[in-house]
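**Q** got a structure for you, letters missing:
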Ligand code: GAL
């Protein structure tokens, strides 16, 4: 092939390219770019060890056929004796995936690679029997070049072995190729994985400077003359800027190119208006496209101030944040866009505007959701460095992999406008080491080198160790886990630091469960925790109210990240214990298998605590009342009634009779501390209103008043015996794409449609038409029924059934029946 060495000025490149077309890089011009291919379908799976599972000739005809993403552990069963900290599910062992595929001979000149968004874990990959590579960390995305080993025009088999270990996580990690997989057929000259880095160094209302740094790879054995054309489009697809540059790229090398584009009257990405732009990067050879690469980004400014906190686009934003693990409750960890979107929408309805991806890199889909909803994110890399917290933790891989894992996390996520900080660790044990600052500095430097536009942080849980050992001075922003009463002191001693509550509260409760008296929160017999939300949790736990107060007292704080937004699989504190015979496994409190920490249960149903956060974090008038009003056998006895509101006053009406109004902030509520005392025992909250009410069946109703006007109300009625099954879909119409989900709430109601708050009726489901049942759940932390059964007991009157569309448009029919109750049917349309 002839290569013409040229030096061409940018202004004449387009004209000249036509002239030289016939004598430069001709093989590139034959094949237009092929979009990345979804490579999730038609995989074969075998759970267990396989001798030479990578062999081309292996008989895999009996292996199970499935579509990725896949989490084998969620299929269960729950097993007594297995670690409850990881959910009592089969999260360890060996699993093999294989896929047979063909690549047409016409693609012989392509660069072919496979991209995994994450595989849990210790993945090893072979193509046609040849070992390609490995990636121990289950939370990171990775790509392997397959080009040299492809059998063009014939059968190819890719084999992936995963071998997650027992005692390798403090929470449910899932197991399997649980994120998306893509096949890429690139031309030799192309933009590689994560090939753009987009920043907005200057933004005013009139104009934004958008810098796009693009990597271009030339895998040819000859120098390439190319043009990089970058076009920016607004949310409506209108072009708002474009620039092109000619480049010479040496053979078998990569080149980074920086382009700067001005956007006039930019629309900011903000929490209230999360506007996104798109950058389309085209690589041209001889005027013909050889690659097209699309990147979403936002135009926004962020800054962090020791006194004023977090500033987004010039305005202070108090971070009402949550920490979240990566599972999707009954759906396990197999990533699903809609499942993530639903989680974050529920969080947003509680008033959440910030997320900490505790304690690992998230799925790309979660960040897309946050970009689109307007939720800022701290992306966290590690729960452990060199010192492990569990026998088979990431610390085993830290030395070899930490730099690559950390850099890859940043390279993958740096274009997301939602991402505001990189967290390099959670409660890392090096805090207590005198020279722990050295490793902190090393990791901090990697982040700054990779992305100078965002600050770094750590969630510290010791105090004052990270200050004494100087780790806190090596990161840009200091996160403290569970030290609300010390913010003031920390700040007085370190006036220049930027501080926030990186993990807060850790209170526990079970939805719809109430114990009397309030002090009896913990109940070993039932393995549940009362929803009066006093103080049950680990020794460091405290009520949300204490953090609200601390944040108000210390306005320099960026805000808080409550532990956790949703209940998650694993870590069933306070029902969590181990004995010496279990080699470090938490097994004693079977069957508690999922966490009690969140204001929203594992199925996504709000607990009472959801409304306590809502009363502090939202402005739309709301009022909530608890407990339920079905106390058969307690007639005449006193029942504590709590109300949460963002209004000024609340009036309580019991059985039609007003018990008067209480004023928020003036009429306080004492929260006794029975199980663990919050520092000094009794805690008085100005965030709750309460009454002691003698129980008589009927109803309790609360009315919220703002400026003297009734603006919100809620009523709970005493329910009669269960009479019917009610079904409520979160969406009655979903996409017929084989991925979209409808989440259907199932309620047990009496004949007057009141929720039966203690009902445990079993509901059976039959799903027909263009959809399948993919999960059931009820939020009960002790339930060991399979999440994939076609029935579920209700818990506190509710359960959930999740259906998924097929790729054919039509209707999904969900029939729900329960012994002795009026049944129900709901139709979800797919298109
Ligand atoms: C924190 C830890 C979290 C979780 C939480 C429970 O110390 O960072 O991962 O274990 O405690 O309260």
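**A** Nice, I can see it. Fair warning: this is a prediction, and the values are worked out from it, not measured in the lab. Numbering: from 1, shown residues only.
**Q** which intervals of the stretch 201-350 of the chain have sub-threshold pLDDT?
**A** For the stretch 201-350 of the chain, no stretch has pLDDT under 70.
**Q** in it, what residue is nearest the ligand?
**A** Closest residue of the stretch 201-350 of the chain to the ligand, CB to the nearest ligand atom: residue 323 (7.4 Å). Where you see a C-beta, it was placed from the backbone N, CA and C, and this is true even at glycine.
**Q** the ligand contacts on this protein?
**A** Residues of the chain lying near the ligand by CB under 6 Å from any ligand atom: 170, 426, 427, 461, 481, 503, 506, 538, 563, 571.
**Q** now render those residues as TSV, adding secondary structure and pLDDT.
**A** Formatted as TSV, the residues of the chain next to the ligand follow (DSSP: H, G, I helix; E, B strand; the rest coil; pLDDT from 0 to 100):
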residue	secondary structure	pLDDT
170	coil	96
426	strand	98
427	coil	98
461	coil	97
481	strand	98
503	strand	98
506	coil	96
538	coil	90
563	strand	98
571	coil	97
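**Q** re the thing from before, ok, and the closest non-adjacent residue to the residue of the stretch 201-350 of the chain closest to the ligand?
**A** For residue 323, ignoring the flanking residues on the chain, the nearest one in space by CB to CB, 6 or more residues apart in numbering is residue 358 at 4.0 Å.
**Q** tell me if I'm right that the one you found and residue 321 touch.
**A** No: Residue 358 is beyond contact range of residue 321, at 10.5 Å (criterion: CB atoms under 8 Å).
**Q** got the residue ranges for the helices in the stretch 201-350 of the chain?
**A** With helices called from DSSP state H, counting those that start in this stretch, the stretch 201-350 of the chain shows them at 337-350.
**Q** try the stretch 1-150 of the chain
**A** According to DSSP H, counting those that start in this stretch, the helices that the stretch 1-150 of the chain contains are 13-20, 26-30.
**Q** can you name the residue of this protein nearest the ligand?
**A** residue 506 (3.5 Å).
**Q** that residue reaches residue 563, doesn't it?
**A** Yes: because the distance of 4.6 Å satisfies CB under 8 Å, residue 506 is recorded as touching residue 563.
**Q** distance of residue 599 from residue 341?
**A** Distance, residue 599 to residue 341, by CB to CB, to the nearest Å: 19 Å.
**Q** neighbour-wise, which of the two wins?
**A** Taking other CB atoms under 10 Å, residue 599 and residue 341 do not tie; residue 599 has more neighbours (30 against 18).
**Q** wait, the more buried one sits on residue 616?
**A** No: using CB under 8 Å, residue 599 makes no contact with residue 616, being 11.3 Å away.
**Q** quick one: low-confidence parts of the protein?
**A** Ranges of the chain meeting pLDDT under 70: 1-30, 673-682.
**Q** mutual contacts of residue 506 and residue 563, please.
**A** Listed contacts common to residue 506 and residue 563 are residue 597; contacts here mean CB atoms under 8 Å, 6 or more residues apart in numbering.
**Q** with neighbour numbers in mind, choose between those two.
**A** More crowded of residue 506 and residue 563, by other CB under 10 Å: residue 563, with 26 against 22.
**Q** so what's residue 272 closest to, chain neighbours aside?
**A** Excluding the flanking residues, the one nearest residue 272 by CB to CB, 6+ apart is residue 374, at 6.5 Å.
**Q** distance-wise, check that neighbour relative to residue 440.
**A** 31 Å.
**Q** so between those two, which is more surrounded?
**A** Neighbour comparison, residue 374 and residue 440: the larger count goes to residue 440, with 26 against 20 (by other CB under 10 Å).
**Q** so what's the more buried one closest to, chain neighbours aside?
**A** Here the residue nearest residue 440, using CB to CB, 6+ apart, is residue 474, at 4.0 Å.
**Q** could you do residue 99 as well?
**A** Leaving aside its sequence neighbours, residue 99 sits nearest to residue 43 (CB to CB, 6+ apart; 4.8 Å).
**Q** could you give the bridge partners of that neighbour?
**A** Going by DSSP bridges, residue 43 is paired in beta bridges with residue 66.
**Q** residue contacts, it?
**A** 65, 66, 67, 68, 70, 97, 98, 99, 177.
**Q** ok, now residue 262?
**A** Residues in contact with residue 262 (CB under 8 Å, 6+ apart) are 207, 208, 209, 210, 241.
**Q** at 10 Å instead, please
**A** 202, 206, 207, 208, 209, 210, 232, 240, 241, 243 (CB atoms under 10 Å, 6 or more residues apart in numbering).
**Q** quick check: neighbours shared by residue 358 and residue 321?
**A** 378, 502, 503, 561, 565.
**Q** a markdown table for these, including neighbour count?
**A** Below are the shared contacts of residue 358 and residue 321 laid out as a markdown table (neighbours: other CB atoms under 10 Å):
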| residue | neighbour count |
| --- | --- |
| 378 | 27 |
| 502 | 31 |
| 503 | 26 |
| 561 | 29 |
| 565 | 27 |
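**Q** pick out the most distant pair among these.
**A** The span of the shared contacts of residue 358 and residue 321, defined through CB to CB, is set by 502 and 565 at 14.1 Å.
**Q** so what's residue 376 bridging to?
**A** Assigned bridge partners for residue 376, using DSSP bridges, are residue 354.
**Q** thought residue 459 was touching residue 502?
**A** Yes: between residue 459 and residue 502 there is a contact under CB atoms under 10 Å: 3.6 Å.
**Q** any common contacting residues for the two?
**A** Joint contacts of residue 459 and residue 502 (CB under 10 Å, 6+ apart) are 323, 356, 358, 378, 380, 423, 426-427, 478-482, 561.
**Q** before we move on, back to that, now, which of the contacts of residue 43 sits nearest residue 662?
**A** residue 70 (52.0 Å).
**Q** give the contact list for that closest one.
**A** 40, 43, 45, 64, 95, 97, 119, 174-179, 332-334.
**Q** where along the stretch 401-550 of the chain do the helices fall?
**A** Assigned by DSSP H, counting those that start in this stretch, the stretch 401-550 of the chain shows helices spanning 436-450, 465-468, 487-493, 544-553.
**Q** include distance to residue 713 when you put those helices into a markdown table, please.
**A** As requested, the helices of the stretch 401-550 of the chain are exported to a markdown table (distance: least, CB to CB, whole Å):
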| stretch | distance to residue 713 |
| --- | --- |
| helix 436-450 | 49 |
| helix 465-468 | 47 |
| helix 487-493 | 36 |
| helix 544-553 | 23 |
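**Q** and of those, who's closest to residue 642?
**A** Nearest of those (CB to CB): helix 544-553, 11.5 Å.
**Q** gap between that closest one and the chain center?
**A** Chain-centre distance of helix 544-553: 25 Å, with CA atoms, centre = their mean, to the nearest Å.
**Q** buried residues, it. List them.
**A** Within helix 544-553, the residues that count as buried by 16 or more other CB atoms under 10 Å are 544, 545, 546, 547, 548, 549, 550, 551.
**Q** quick one, helices of the stretch 651-800 of the chain?
**A** Going by DSSP H, counting those that start in this stretch, the stretch 651-800 of the chain shows no helices.
**Q** sorry, back to before: got a list of what the residue nearest to residue 272 touches?
**A** Per CB under 10 Å, 6+ apart, neighbours of residue 374: 269-275, 298, 312, 344, 348, 353, 417-418.
**Q** next: residue 801.
**A** Counting by CB under 10 Å, 6+ apart, residue 801 touches 330, 603, 727, 729, 742-746, 763, 765, 767, 773-777, 790-792, 814, 816, 826.
**Q** from these, which ones fall inside strands?
**A** 727, 729, 742-746, 763, 765, 767, 773-777, 791-792, 814, 816, 826 (DSSP state E).
**Q** now which of the residues you listed would you call buried?
**A** Neighbour-count burial (16+ other CB under 10 Å) is assigned, among the ones in strands among the contacts of residue 801, to 727, 729, 742-746, 763, 765, 767, 773-777, 791-792, 814, 816, 826.
**Q** pretty sure residue 605 sits against residue 730.
**A** No: between residue 605 and residue 730 there is no contact, the gap being 11.6 Å when judged by CB under 10 Å.
**Q** give me the common contacts of the two.
**A** Going by CB under 10 Å, 6+ apart, residues that sit against residue 605 and also against residue 730 are 346, 745, 800.
**Q** with that, I have no additional questions.
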